[in-house]
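Asks: structure of the sequence below:
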Amino acid sequence: MGNLRKKLIAMDMDGTLLTSDKRIMQETLADMQTAADAGKHVCLCTGRGIPEIRSYREELAMVRYGVFENGALVYDLAHNTVIYEKSIPREMMEMIVDVGMKYNAMLHLHCPSDCVIKRDQAERAAEYGMGPYREMYLSVGTFVTDMKQEVKNRASIPKINIYFKSTREREKGYEELKDLPLTFAFTEVSSLEMTPEGVSKGTGLSKLAEHLGIDVNDVIAIGDSDNDRIMLKTAGFSVAMGNALEELKVCADAVTADNDHNGVGEAIRKYLV
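Replies: Numbering: from 1, shown residues only. Have a look, this model is predicted:
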């Protein structure tokens, strides 16, 4: 198809930019730098919070902007400034925590400046289907003992994750929360992600495009999972990873290689530069 003359590429991280062992391939970084050198915006669009990309910041020096917390936070990484932010209402935060505690699940509060979890649960992350993230949690986490008190102390929480021990428990927990005016996404093995009503990676991407004066039709989005669905629909051109959910592949404009074979770089070379 060749260069589509797009101006921005927005990429998910886990399952997309990152390999299965949570690295960024050198070939991918080279392709991203080529795009940046050509005057294209290379942006993140991820469920992660800013503290959770700390170990990648140096090698991602070509990335200035990011959509974080599944769209609840849009951020200028170069100037450490918030472009857009929306928080979960406090009464809903407490209800989410109650459900997480009921199922003895691992709660994760995504705050603008820190990643709030319990240390003992972070150490046992594999029990909650989050084993690959254990070292990250232990490295960047703000550890607390009382989650109910913590949500009362926080001025803003854009996103909350519950990591259940099984998909069956996730379904039961979701049934208890689904009528709340929130945006839900099923991710990882048995995780439930919640952001404010109307918030998604797609809305975050639209906010970023507006900030940059770019029409969303001039944006390429690339992802692999359920929380990427609206982002792919929002962008002018959508790319599903080779390891993406089959339903995303069917709906995408193109399918690239998987996350262990530089699918992001392939998309950049084919459709951006």
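
Asks: now do the helices in the stretch 51-200 of the chain.
Replies: Listed in chain order, the helices of the stretch 51-200 of the chain (DSSP state H, counting those that start in this stretch) span residues 90-102, 119-123, 134-140, 147-153, 167-177.

Asks: I'd like those laid out as a markdown table, including distance to residue 220.
Replies: Heads up, the C-betas are built off the backbone N, CA and C, glycines and all. Formatted as a markdown table, the entries for these read as follows, by distance: least, Cβ to Cβ, whole Å:
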| stretch | distance to residue 220 |
| --- | --- |
| helix 90-102 | 33 |
| helix 119-123 | 35 |
| helix 134-140 | 27 |
| helix 147-153 | 37 |
| helix 167-177 | 31 |
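
Asks: looking at those helices, which is closest to residue 8?
Replies: With respect to residue 8, and counting by Cβ to Cβ, the nearest of these is helix 134-140 at 26.9 Å.

Asks: quick check: mean pLDDT across the closest one?
Replies: Confidence over helix 134-140, taken as the mean pLDDT, stands at 95.

Asks: again with stretch 251-258
Replies: Stretch 251-258 comes out with an average pLDDT of 97.

Asks: who touches that stretch?
Replies: Stretch 251-258 is touched from outside by 1, 222, 229, 232-233, 237-244, 249, 263-264, 266-267, 270-271, with contacts defined as Cβ atoms under 8 Å, 6 or more residues apart in numbering.

Asks: just the buried residues from these, in ChimeraX please.
Replies: Provided next is the ChimeraX selection string for whichever of these are buried by 16 or more other Cβ atoms under 10 Å:
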select :222,229,232,237,238,239,240,241,243,244,249,263,264,266,267,270,271
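
Asks: let's see which of the contacts of stretch 251-258 end up in helices.
Replies: 229, 232-233, 249, 263-264, 266-267 (DSSP state H).

Asks: for residue 78, find the nearest of the helices of the stretch 51-200 of the chain.
Replies: Closest of the helices of the stretch 51-200 of the chain to residue 78 is helix 134-140, at 20.4 Å (criterion: Cβ to Cβ).

Asks: could you check that closest one and say which residues are buried?
Replies: By neighbour count, with 16+ other Cβ under 10 Å as the criterion, the buried positions of helix 134-140 are 136-137, 140.

Asks: likewise for stretch 119-132?
Replies: 121-122, 125, 128-130.

Asks: between those residues, which is closest to residue 54?
Replies: Proximity of those to residue 54, judged by Cβ to Cβ, is greatest for residue 122, which lies at 15.5 Å.

Asks: can you check the pLDDT for that closest one?
Replies: Residue 122 is assigned a pLDDT of 97 by the prediction.
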